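Undergrad: Next input, structure requested:
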Amino acid sequence: MDLKLSGRRALITGSSSGLGEAIAKMLAAEGATVVVHGRDKDRAERVAGEIRADGGSATTVLGDLASDEAATEVARAAAERGPVDILINNAGFYRHLGWSEATPEEWLSTYDVNVVSGVRMIRHLVPRMRERGWGRVVTIGGGLASQPMNTHPQYNATLAARHNLAVSLARELKGTGVTSNVVSPGAILVDSVKDLLTGIAPARGWGETWEEIERSSVEALIPNDQGRFGEPREIAAAVAYLCSDYAQYVSGATLRLDGGLIRSAF
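TA: Below is the predicted model:
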């Protein structure tokens, strides 16, 4: 299927690795010109270089979106070679902390990185989408927004805020040709997750091979209908769909991709 993204320009925040990298590569493969964002030049350039090597079009921008000044510069640089049609708010951060370790300062810094950074990019880029009468904003959320754990509460809360702001933005964009939606992944097997599971497996008796570790960790941590972790490309495909013309009728929606981990019907 041709998603009709040729000629579109997409900024994917936090795309120098992991899920953001997969999204950038998928959108580029569908014909979009992508702007790879990160804070590390070498990592961002690696992703952009791999996209170009595969025949895609990619540039890079660097900056810490938790800073007003840096976010302004990222938005300016992203639009330097043409207006941004698609904004993927993917950048995020959290630390594995319990309630006793997550100080108010930690809550504030996590909220700034995970929520306000996305607001900064929306404020910079969406007004011009409205002027042109076409645009896409896709926010990467997560199942912990609706089914939070007892651990890293500061992160759970920011995911709920991301979902909420995306729906509010959709209402604001009524009739403009610009849409705002959420892609809500479950547990996705990026490198950092695999490294974490491999590291804790011996103490938990999850086995020695990766096949044993994955099966045991899924049963212990994320029991779902598919019996596995999700793959970055599966999330990227959902994002690509929401960016396409085929998703023009999708507004303020949450597209959940978690293998059935979340049990709610709504």
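
Undergrad: Dump the longest strand that the chain contains to PDB, keeping only the CA atoms.
TA: For the chain, the longest strand by residue count, based on DSSP state E, is strand 178-185. The C-alpha trace of strand 178-185 is given here as PDB (Å, rounded to 0.1, in the frame of the first residue of the first chain):
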ATOM      1  CA  VAL A 178      -4.400  18.500  10.900                       C
ATOM      2  CA  THR A 179      -4.900  15.500  13.200                       C
ATOM      3  CA  SER A 180      -3.500  14.500  16.600                       C
ATOM      4  CA  ASN A 181      -3.500  10.800  17.700                       C
ATOM      5  CA  VAL A 182      -1.700   8.500  20.100                       C
ATOM      6  CA  VAL A 183       0.200   5.300  19.500                       C
ATOM      7  CA  SER A 184       0.300   3.400  22.700                       C
ATOM      8  CA  PRO A 185       3.000   0.600  22.700                       C
END
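
Undergrad: who does the helix or strand that comes right after that strand touch, helix- and strand-wise?
TA: Heading C-terminal from strand 178-185, the first helix or strand you meet, by DSSP states H and E, is helix 191-204. Packed against helix 191-204 by the contact rule (3 or more Cβ pairs under 8 Å, 6 or more residues apart in numbering; DSSP states H and E) you find helix 210-221. Placement of C-beta: from N, CA and C, glycine included.

Undergrad: what separates the helix it packs on from the chain centre, distance-wise?
TA: Distance, stretch centre to chain centre, for helix 210-221: 24 Å (Cα atoms, centre = their mean, to the nearest Å).

Undergrad: hang on, the earlier thing: now the longest strand of the chain: average pLDDT?
TA: The average pLDDT for strand 178-185 rounds to 98.

Undergrad: That one: partners in the sheet, and parallel or antiparallel?
TA: Sheet pairing for strand 178-185, assigned by DSSP bridges, gives strand 135-140 (parallel), strand 254-257 (parallel).

Undergrad: Give me whichever of the ones you listed is most buried.
TA: Among these, ranked by average contacts under mean count of other Cβ atoms under 10 Å, first place goes to strand 135-140 (a mean of 26).

Undergrad: Can you list the neighbours in contact with it?
TA: With Cβ atoms under 8 Å, 6 or more residues apart in numbering as the contact definition, strand 135-140 has outside contacts at 19, 85-90, 92, 118, 122, 126, 129, 162-163, 165-166, 169, 176-183, 185, 235, 239, 242-243, 247.

Undergrad: so the helix or strand following that strand versus strand 178-185, what angle?
TA: The helix or strand immediately downstream of strand 135-140 is helix 153-172, counting by DSSP H and E. Helix 153-172 runs at 150 degrees relative to strand 178-185, counting by axes from the mean of the first three to the mean of the last three Cα atoms, to 10 degrees.

Undergrad: Of all the residues in helix 153-172, which ones are buried?
TA: Residues of helix 153-172 classed as buried by neighbour count (16 or more other Cβ atoms under 10 Å): 153-163, 165-167, 169-170.

Undergrad: Contacts only, for Ala28.
TA: Shown in contact with Ala28 (Cβ under 8 Å, 6+ apart): 34, 51, 54, 56-58.

Undergrad: quick one: secondary structure of Val61?
TA: Of the three states, Val61 takes strand according to DSSP: H, G, I helix; E, B strand; the rest coil.

Undergrad: What confidence value was assigned to it?
TA: Turning to Val61, the model gives it a pLDDT of 98.

Undergrad: cool, Met149 as well?
TA: In this model, Met149 carries a pLDDT of 89.

Undergrad: Spatially nearest residue to it, not counting backbone neighbours?
TA: Excluding the flanking residues, the one nearest Met149 by Cβ to Cβ, 6 or more residues apart in numbering is Asn156, at 6.5 Å.

Undergrad: distance of the one you found from Leu255?
TA: Noted for Asn156: a distance of 20 Å to Leu255, by Cβ to Cβ, to the nearest Å.

Undergrad: and the contacts of strand 135-140, which are buried?
TA: Neighbour-count burial (16+ other Cβ under 10 Å) applied to those gives 19, 85-90, 92, 118, 122, 126, 129, 162-163, 165-166, 169, 178-183, 185, 235, 239, 242-243, 247.

Undergrad: quick one: which of the buried residues of helix 153-172 is nearest Gly199?
TA: The nearest member of the buried residues of helix 153-172 to Gly199, counting by Cβ to Cβ, is Tyr155 at 19.6 Å.
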